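Colleague: fold the following, please.
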Amino acid sequence: MTSPQHTVRKLTVEVVDARDLLPKDGQGTSSPYVVVEFAGQRKRTKTSVRSLNPKWHEKLEFLVPDPADMEAEELDVEVYSDKRQGTSGGGGRKNHFLGRVRIYGSQFAKKGEEGLIYFPLEKRALLSWVRGDIGLRIYYYEEQQQGEEKKLDQSNPQQEHNEAKKESISDIPLPTETASETQEPPPVPLVVVEEVPSPEPAPPPQHVVEEHPREVLMAEVKKMQTTATMEKTTVSRRTNGGHFEPKAIPGKFSSTREAADRISSAYDLVEPMQFLFVKVVKARNLQPCENPSVKVRAGAQTVRTKQSPGNSANPEWNQVFSFSHTKAESTLEISVWDGGAAAGETFLGGVCFDLSDVPVRDKPDGPLAAQWYRLEGSDDRNPTAHITGDIMVSVWIGTQADEAFPDSWNTEAPHVGHTRSKVYQSPKLWYLRVSVIEAQDLHVGGPSPSPFPVDVRVKIQLGFQSSRTRRSTAGGDSPSFSWHEDLMFVVSEPLDDQLLVLVEDRSGKETTLLGHAMVEVASVEQRLDERPLSSKWFNLDGGKAAAASGGAAYAGRIHLRLCLEGGYHVLDEAAHVCSDFRATAKQLWRPAVGVLELGILGARGLLPMKTKGGGKGSTDAYCVAKYGKKWVRTRTITDSFDPRWNEQYTWQVYDPCTVLTIGVFDNWRMFADLAGERPDYRIGKVRIRLSTLESNRVYTNSYPLLVLLRSGLKKMGEVEVAVRFACPALLPDTCAIYAQPMLPRMHHLRPIGVPQQEALRGAAIKMVAGWLARSEPPLGPEVVRYMLDADSHIWSMRRSKSNWFRIMAVLAWIVGVARWLDDIRRWRNPVTTFLVHLLFLVLVWYPELAAPTGFFYLVLVAAWYRRFRPKLPPGMDVRLSQADAVEPDELDEEFDAVPTGKPEELVRARYDRLRTLAGRVQTVMGDFAAQGERLQALVSWRDPRATRLFVGACSAAGVVLYVVPPKMVAVALGFYFLRHPMFRDPMPPPTLNFFRRLPSLSDRIL
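Modeller: Sure, this is the predicted structure:
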C-alpha cells in the first residue's frame, strides 16, 4: 500500500519595492536588500544598487511548521544597505540598517485574497533614523506532498431533519397588548438609499444554506467547563419595577480577580445545568416495517425521532435529545415503533435504563461511544408478535458545555429548527468606489434642437442601491461629457453582483436612455491603500442607436475607474456604539489585545408577550449578543417568565473602546407552520462599553430591559449577564491603542461625508439582515435592525432634549468654575479668598510653577472623583434619555413613519411646534454670530469711534507693559479682579459695556 500524501502550508512573501529610503552610502543613495525571517527560516533578496526607490519583485517561500499556530507567529522584514556597493564603508563589515517591519500571522491572507500593502518602516532602536515604506504581498497556500492518497469513502453526515412529530397545539398564540406595541414599524430612514425596486424575496433558508458553501458559520458554541466545586449564583426572583439601574448579583463572580493565563482557558462565568443526553444512532434486524421511529421517554418528558423510510430493517436516525435533569427521574424508556401500519402504530421493541447507573461526562472526557442493546418487550395488541433486533444508543449525563448540546433536540424548546443556539458571522462587506470621469460618442439630441440645456447624467445601480451623478460638463462641440465624480456602494462577499451603468439624457421632460454597460463586481480590482489605480473605457450598448437599428449597436463609451476599497471599515452600526473598527482587508488588522467573555445567565420577571389557549400569558424568550462580526443566539426557553440560559461565548477584542450589545426577544418564528411568518418581538436590550470594564475582573450584574412604547417607558424584565474582559497583553501594548486612530487610515486620507456615510450604513444594515435571514435558524431582519440601531439618526424631540441637557452637563463644569471664581471675588469665604491671593502671588513671582501646579491640580481632581466612580458597568440611563418625562404627543411623533400618516391638523400643529423650536435655535445661533462679529468690529472700522478708542487703549497698554515690569502688572490686574465687594460697582464694567456697543451684522439681515 502506498504512503498517503499529506498537506503542508507554505507562506509566500513577495517583496515588490520600497519608496523614499534613507541615503546611507555617502553619495545620496543606498544599495538596499531585504532580509525576511519566519519561524526560524531566514532568506534575503538581491541587492538593488544605488536606488532610494528599489524594485525587487522577488518571492520568498517559507514552510509553516504548525498551521494551527500560524496566527501567533511573527514575520520580521528588515531592510539593509549593502556597504560593498558603496564608497562609505571604510573597514566596517556591518551593513547600514534602513528599517524594519513586524507583521503578525493574523494579517496573512489566503492565496487569491492578498493585496499589495505598503508598510511604513519602523525603528530598531530609540536613536535609529529611518524613513520610507516597503511594498509586500503576503499570502499562504496549501500544498500536497509527493505520494498517493488512499481516499476513504466517507459518507456525508446526515442532514438535520427538524420535521419530527410535534405535539398538537390546540390554539395559535396571540400577541399581548404590550407585545403588539413593541412591534410598531420602525420609521423609514430620512436618507434615501434605494431608487430601484428591491430584489426578489430570498428562497427558503434551508435551500439557501446549501447553495452558499462559502458561508462560514461557527457552529461550535464555546461554553463553560463545569467543576465539582462550582458555586451557584443566588439571585432575586422578583424585579423591582421602579428601579432602572443595573444591580450586582451577589455570588462567586461579583468581584473575582484571576490571572490572565487562567482566564484565557477557563469558562466559568455561568451556572452548570445538568441534562440527560440520549443519542439514537440506528437499529438492525427489525421486523418488516415501513416507517420506523424511536420514542424516548424520561418521566413526563417524551420526544420522538424522525421516521426512517429508507431502510425498514436497518434504519438510521443519528439524533441527539437532551432532557432537563433538574428532577431525578428513575428510569429512561427507549422504544421503537412503526408508524406506517394501517391500523396505527406497531410496537417493535424497547429498552429501559436505570438512570442511577448512567455515566456522568465531565470535561475533558471524550464523547461516549454508542452501544448495541437488544430490543425487548411485547405488544399488548398482538401478544404473539415476536420482538427481534437491536438498537444502538448512548446515554450520559452532561451539561450545556457538551458539544452535543447546541444541535440536540431540547425538551424545553421542541421546535429545534427555530429555537436552538447558534453562532453567526456577518458577511464581509466592501466599499465599491466608482469614479465617473467622462463619456464620448454619445448620441444626444434629436432631429430638432431642444429648447432646454443639455443635461446628461450617469446613473449606477447595484442591486437595491442606486446613485446618480450631477449635471455633466459639455466638452465643446464634440459629443463628450465629463463629470469627475465618485459614487460609493456597499457590496458583500461572494462578489457575484453586477454593476449596471446607465447614461441618461434628462434635457427634456422625459428621461432618455443613451446607453448602458454591465460590469462584474468580481472583476473589479481591490485596493488596500491610497495608491492610484488605472481607469478603463467601457462600451455602451442600447439607447437611441439600438432603437434606430433595431438591435444592439454602439452607443458610445464611458470612462470609469472602479476599485473595491479594502482600507475602509464598512460601518453597519452607529459610530458612537460601534463594536469594531477594523478595515475590510484582513492584512490591515492589528493583533488582538484581549478576549471578551460573556456569560448569559438568564432573565427575570419578563412580561407575557403572547397568550395561548384559555388566555394564559406566555413568553418564549431568547437572547442575542453582538460584538464585531460575530453574533450569538441562545436557545429559546419556551413558556417561561424566568428563563435560564447559562451559555457562555467569547470574542477577540481588537479595540477596548468598543461596545457590546445584548438584546432579548420573544420567539414567534417557531409557530411559522401554524400562524405564518411573523417577526420576533423585542423585549429590550443593553449596551456595555468595554473601556468601562477593569481588566481580568468578572462583573455579574442584572440589567433592566427597557422599551420605549407609544404609551411611555415600560420595564419588560431584567437580564442577568456575567462579563469579563481578559487582557493578558502587556500594559504598554494596551495603552498604545489609545494613541492610535479609531478608524483605519483611509477614513482620514479620503474621508466619506456624513450624509453619504449614513446612506451606506443603511445599505450595509440591509445586506447584513438579508445574510443572517438565510441562516438556520434565521435571525430576523427586525432583530438585526434593533441590534444595529438602524433608526438612530431619525428626528426625535426626546433625543434632541437629551442632547441639549448633555451639552448643559458638559458646560456645567465651566459654569461651576465661574461660580467658584465669583465666590472668590465676592469674598464669600474670606479664608479661601486669602489663600487664592497667596497662591496667585506665588505663581506670579515663580511662573515656572504654573504648569506643574495645574497638572497636579488635575491629578487631585481625578483622585477626588475616583470615590464616585461607577462600581458596575452602566446600562441604559432613563433620565439621560429623557424617557421618564416624555410627553405622549412627542412619543407619537417619534414613532410616526416617514412619510407621515397622521391627520392634517396634527401634522400642522407639530410643524408649528418645530418652527417655534427652530426659531429659538436660530436666535441662539444669531447671538453667537453677533459676538464674533463684535470682535471683528474692533479693528474693522465699522464703528470709527470705537476703533479709535480701541487703538488708543492698545497703545496705552503697550506703553504701560513696556515700562512697568510684567509681574507688577499681573499682580495689579489680579488684585483688581479679586478686590473686595465694597470697592465694586454693581453695574457692568466699562469693558463689557464697550463690547456690547460694538456693531454686528444683524442689522443688515432682511
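
Colleague: quick one: Arg653 and Val595 touch, right?
Modeller: Careful, residue 653 is Val and not Arg. Yes - the pair Val653 and Val595 passes the contact test of Cβ atoms under 8 Å, sitting 6.4 Å apart. Bear in mind the C-beta positions are built from the backbone N, C-alpha and C, glycine included.

Colleague: anything in contact with each of those two?
Modeller: Common contacts of Val653 and Val595 (Cβ atoms under 8 Å, 6 or more residues apart in numbering): Phe725.

Colleague: of those two, give the one with the bigger neighbour count.
Modeller: The neighbour count for Val653 versus Val595, taken as other Cβ atoms under 10 Å, is higher for Val653 (22 against 17).

Colleague: quick one: contacts for the more buried one?
Modeller: Per Cβ under 8 Å, 6+ apart, neighbours of Val653: 592-596, 690, 725, 727.

Colleague: gap between the longest strand belonging to the chain and the chain center?
Modeller: Longest strand in the chain by number of residues, with DSSP state E as the criterion: strand 712-726. Remark: strand 712-726 is offset 19 Å from the chain centroid, using Cα atoms, centre = their mean, to the nearest Å.

Colleague: packing partners for that strand?
Modeller: With contacts taken as 3 or more Cβ pairs under 8 Å, 6 or more residues apart in numbering; DSSP states H and E, strand 712-726 sits against helix 177-182, helix 260-263, strand 594-604, strand 659-666, strand 681-689, strand 698-709.

Colleague: by mean pLDDT, flag the weakest helix or strand of the protein.
Modeller: helix 205-211 (a mean of 34; mean pLDDT, DSSP states H and E).

Colleague: for Val664, which non-adjacent residue is spatially closest?
Modeller: In this structure, Val664 finds its nearest non-sequential neighbour in Ile683, 4.2 Å apart by Cβ to Cβ, 6 or more residues apart in numbering.

Colleague: from what I see, the one you found and Phe665 are in contact.
Modeller: Yes - between Ile683 and Phe665 there is a contact under Cβ under 8 Å: 6.0 Å.

Colleague: shared neighbours, these two?
Modeller: Ala621.

Colleague: sorry, back to before: can you select the buried ones among the contacts of Val653 for me in ChimeraX?
Modeller: The buried residues among the contacts of Val653 can be selected in ChimeraX (16 or more other Cβ atoms under 10 Å) with this line:
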select :592,593,594,595,596,690,725,727
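
Colleague: ok, back up a step: OK, contacts around the residue nearest to Val664?
Modeller: 182, 606-607, 609, 619, 621, 663-666, 705, 707, 716-717.

Colleague: nearest to Ala885 among the residues you listed?
Modeller: Val707 (16.9 Å; Cβ to Cβ).

Colleague: quick one: that closest one from Lys295, how far?
Modeller: Here the criterion is Cβ to Cβ, to the nearest Å. By it, Val707 lies 42 Å from Lys295.

Colleague: please work out the average pLDDT along the next helix or strand after the least confident helix or strand of the chain.
Modeller: Sequence order places strand 247-248 as the next helix or strand after helix 205-211, per DSSP states H and E. If you average the pLDDT over strand 247-248, you get 78.

Colleague: ok, Gln440 to Ser472 distance?
Modeller: Gln440 is 12 Å from Ser472, by Cβ to Cβ.
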